[in-house]
Each structure stands twice: as structure tokens, then as C-alpha cells.
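In: My questions are about this predicted structure, shown below with the sequence.
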Amino acid sequence: MSFSITTWNINSVRLRMPIVEQFIVRHQPDILCLQEIKCQEPEFPLAPLKALGYEHIIIHGQKGYHGVAIASRIPLSEDHRQNYCNVGDARHISAIFERGSRRIRLHNFYVPAGGDEPDRTINPKFGHKLDFLEEMKVLKADTPGVSSILVGDLNIAPLEHDVWSHKQLLKIVSHTPVETDGMKDVIAKGGWLDLMRQYTPEPEKIYTWWSYRAKDWEAANKGRRLDHIWSSPELGPFLEKIEVLKEARGWNQPSDHVPVTATFKF
DNA sequence: ATGACGGATCTAATCCGA
């Protein structure tokens, strides 16, 4: 038995439904986790996703900003939305699904970007990001009888080869030491496996995001690995592959993030 | 090196992203 999970920061799901459908038709993930849907629940495009076989859809929406959703061909249960930092943002949703005899809790995150200045004394957005990370440290991958998968736009590129230039980005939000150490601590304290790096170890570069602002994103290739797929250790041996769909950055009216898909085989 | 782009919003000019 195998199954696949995709994570994709879609940067407005309503605007981007044509490429969501294109992706689904070509890649057919069992579960699609979206971030930055930028709409409330009633505006979410349920009908086209259900028509494509995603009958189980849970949404944590917000007007204009943020927002996460899980669309699944597999039934979802025990869904939960955690109000990180107690500020009312829609940045997390989770649910349990079953594959064979396994129960798996899936978390879908959109971690705050953190603004420009990597100093919490002058930039509250950076403080919010660090507080959010701190709160993620209590999330344990290993729970009795239930495996875990954590995906999403975590807005941090933790390793040297997760950015186009380690030296040039050390003071740029998303790759500062306080963020990268914080993320490594979330992974260590929670007992997570970084599946993308299990499949593609350093020093190979991995990017999942390329800025809209580059004149030619592909030529410049100044990317960062901001999107992640983690799991509890017992799922590691069952990972078949990870695919980062770089070509999606060149699709019509693209998101600045590309879909990342993990396929497991039991 | 800041923002060249792109999206949402009280459709005009502003906030936000990272």
C-alpha cells in the first residue's frame, strides 16, 4: 500500500485553482495540504476539489491573509485547529487519517514570515515568529498508537544548502541563526525526521521558493527551502520518494512556492 | 541591498509577503 501527500503554499487558492487542478490531474496526491489560501471557509473552492475526488476537506480560513486547508481522498477524523500565539491567525490545521493498520496525525502549518528586521526589540513580527517556533517545540512526533506527519510553509531554511548563499543570507529573515537553531530545536525536541533531507542529503541544494521580484527567477535561481515535510521516525523507512516540482514555478500565474510531494510505500 | 512582483482589500492606495 502506498500513499502521497503534497504541501503547497498556494498564495490565494481562488486565484490559483487552474494550476491546482493542473497539478492534481498530473500528480494525483492522496492528500493536498495548502497554505495561504487567503479566504474564509465559505469562499473556499470546495466543488472543484470534490469533483476531482477530494471528498474530505477541512479548512482553517481567514479573510485576506494566511489560511490553511487539507483536501483528502482518504477520510479525515479528529480535526483540530491550534491557535498559535493566541492571536487568532489561521496558521494550523490537523487531522488523523488511516492507512492499513496505521493511524497518522497530519499537521499543516503556515509559520509567520517574520517581517524584514531580524530583531524582536524593533520588529514585533520577528518576535511573533520566534514565539510561534517556541510553541512548536512542545509538539511531539511520537504519540502512543499514532504516527505523525508535519508539513507546511515553515518560512525557515534551516541548513546551509537550503539557500542560494549561506553567507549572504545569514542576516536575512528565514536564515538567521536564531531561526535556524530554533527550527533544529523544534525538530530535536519533538523527535521529528526531516524527510526531504533524508531523501536528498546535503550538500545538494534544495529550494521550494523563488521570489516574485527576481526578473528571471530561473536564471537567478536565488531560492530557499521554506517548505517542509517531517514525520515521526517510524515512518522514515517507508518513504519512497520526495518530489519538489520546480517546473510549477514557471506555470501560468504561479505561486512563488512550488508543490512538494512525499510518497510512502508500506 | 532593498524591493524590482504579486495578492487582497471598503477599486485606490496601502498593507503584506520573505
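Out: Looks like it arrived, so ask away.
In: hang on, isn't A:Ser2 packed against A:Glu240?
Out: Yes - the pair A:Ser2 and A:Glu240 qualifies as a contact (Cβ atoms under 8 Å) at a distance of 6.6 Å. Glycine gets a C-beta too; all of them are placed from N, C-alpha and C.
In: Quick check: neighbours shared by those two?
Out: Between them, A:Ser2 and A:Glu240 share these contacting residues under Cβ atoms under 8 Å, 6 or more residues apart in numbering: A:263-265.
In: List the contacts of the residue nearest to the spatial centre of chain A.
Out: Compute the mean C-alpha point of chain A, and by Cα atoms, centre = their mean the closest residue is A:Gly152, 1.3 Å away. Applying Cβ under 8 Å, 6+ apart, one finds that A:Gly152 lies in contact with A:7, A:33, A:35, A:68, A:107-111, A:227-228.
In: check these against DNA strand B, which are close?
Out: Judged by Cβ under 7 Å from any atom of the strand, the overlap between the contacts of A:Gly152 and the neighbourhood of DNA strand B is nil.
In: For A:Asp194, the count of nearby residues, please.
Out: The burial metric for A:Asp194, expressed as a neighbour count using other Cβ atoms under 10 Å, is 19.
In: Tell me how many other residues crowd the closest residue to A:Ala90 other than its chain neighbours.
Out: If the residues on either side of it in the chain are set aside, A:Ala90 comes closest to A:Gln62, at 3.8 Å by Cβ to Cβ, 6 or more residues apart in numbering. Residue neighbour count, defined by other Cβ under 10 Å, stands at 19 for A:Gln62.
In: who's in contact with A:Gln62?
Out: A:38, A:40, A:89-90 are the contacts of A:Gln62 under Cβ under 8 Å, 6+ apart.
In: one more time with 10 Å
Out: A:36-41, A:68, A:88-91, A:110 (Cβ atoms under 10 Å, 6 or more residues apart in numbering).
In: and if you look at A:Arg120?
Out: Applying Cβ under 10 Å, 6+ apart, one finds that A:Arg120 lies in contact with A:114, A:126-131, A:178.
In: can you check A:Trp251 too?
Out: A:16, A:18-19, A:22-23, A:245, A:258.
In: how about a cut-off of 6 Å?
Out: Contact analysis of A:Trp251 by Cβ atoms under 6 Å, 6 or more residues apart in numbering lists A:Ile19.
In: Backbone dihedrals for it, please?
Out: A:Trp251 adopts backbone torsions of phi -70, psi 170, taken as degrees, to the nearest 10.
In: ok, it to DNA strand B distance?
Out: When Cβ to the nearest atom of the strand, to the nearest Å is the yardstick, A:Trp251 and DNA strand B sit 11 Å from each other.
In: A:His161 contacts A:Ile206, correct?
Out: No - look at A:His161 against A:Ile206 with Cβ atoms under 6 Å: they stay out of range, at 7.1 Å.
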